[in-house]
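Visitor: below is the sequence, then the predicted model.
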Amino acid sequence: MRIMLLGSNGMLGQMIGRHLKTDANDIYCIDKEGTDYCFDLLDNKRLKKCFADIRPDIVINTAAIVSLELCEKDPGGAYCLNARLPYFLGELCREHHCYNVHISTDHYYCDEVNRVHKETDPVKLVNEYARTKYIGEQMALMYSNTLVLRTNIVGFRGTERFTFIEWILTQFLNHKKMTLYTDFYTSSIHTADFSRILADLLKLRPTGIFNLASSEVSSKKEFILGLVKKIYNSEPIYTDGSVFNVNQVQRANSLGLDTQKIEDLLGYRMPNLMETLDSIKQEYMERWINNGL
């Protein structure tokens, strides 16, 4: 299969590229720099030429502005990358008869209690990030041969811009006090597990919206304490806090995703919290051995 991967330098893009690069797949990575094709993804002419050159069977779009603060400061830019790009990709996929995979988000739910949400549950769009990502879903789905994956991914990027996981470990190693949210829930999945499951999905090529996440929901406090315990067998310096007391962009707080639909399709269970932490630790140890992380 000829696979076009957009946003290949990102946390998820890097891992997907590693997992899908096999003898059976030709992966063509696209990002602003250091990839097979380097250009601004909003350059429609370059993107159109890229499709003509590669003639992909599958297109995977991981590119997005994920910073809530940046989306609020530049809603036009967030709309262009998070919403307009998925529409244009869908049109190019229609023209070239490609299978289209769009990576979405879980930032759609604001319940007062910890619960999981089905793909059909109503959404609440509380900020520009959620609004532009939701529009992006709808734009992508205008092309019928499209798979939209709602998720909450965690992992490593290995650049100066820390991921959530890299920030946690850095704070712990530097003995910094952290505020751990007790009322912010996610069903986070490690990028390695996400990529492995995505490879199985590409064999089946389902369409529509699927939740691809951990089968277990946890608070940010539970997740961070579990991660530090798993890797260092220790506990960070912390204080309990509420996501509603943070003087930042309004955010959704109950992001748990129901994974029954994707489990029924694939015939196996999504990883739980402990399995997710084990997977993160495995990558951490591999990076430590290879790079002295």
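Guide: Yep, that arrived. Residues are numbered from 1 along each chain as shown.
Visitor: just the helices in the stretch 101-250 of the chain please.
Guide: Ranges of helices in the stretch 101-250 of the chain, per DSSP state H, counting those that start in this stretch, are 128-140, 164-173, 191-204, 220-232.
Visitor: and W288, what element?
Guide: For W288, the host element (DSSP states H and E) is helix 273-291.
Visitor: roughly how far apart are the closest residue to G256 other than its chain neighbours and N9?
Guide: Among residues not flanking G256 along the chain, V217 sits closest, at 3.6 Å (Cβ to Cβ, 6 or more residues apart in numbering). C-beta: built from backbone N, CA, C; applies to glycine. Distance, V217 to N9, using Cβ to Cβ, to the nearest Å: 30 Å.
Visitor: between the two, which has more neighbouring residues?
Guide: V217 (24 against 19; other Cβ atoms under 10 Å).
Visitor: what pairs with the most centrally placed residue in the chain across the strands?
Guide: The residue lying closest to the centre of the chain (Cα atoms, centre = their mean) is I153, at 4.4 Å. In this entry, I153 is beta-bridged to I189, by DSSP bridges.
Visitor: who touches it in this structure?
Guide: M11, L12, S188, I189, H190, T191, F194 (Cβ atoms under 8 Å, 6 or more residues apart in numbering).
Visitor: just the strands in the stretch 1-150 of the chain please.
Guide: Along the stretch 1-150 of the chain, counting by DSSP state E, counting those that start in this stretch, strands occupy 2-6, 26-31, 37-38, 58-61, 99-103, 146-150.
Visitor: partners of the shortest one, with directions?
Guide: Read that as strand 37-38. strand 26-31 (parallel).
Visitor: any buried residues in the strand it pairs with, and which?
Guide: Using 16 or more other Cβ atoms under 10 Å as the test for burial, strand 26-31 gives I27, Y28, C29, I30, D31.
Visitor: find the nearest non-adjacent residue to the third one, please.
Guide: What it means is C29. By the measure of Cβ to Cβ, 6+ apart, the closest residue to C29 outside its immediate chain neighbours is S8, 3.5 Å from it.
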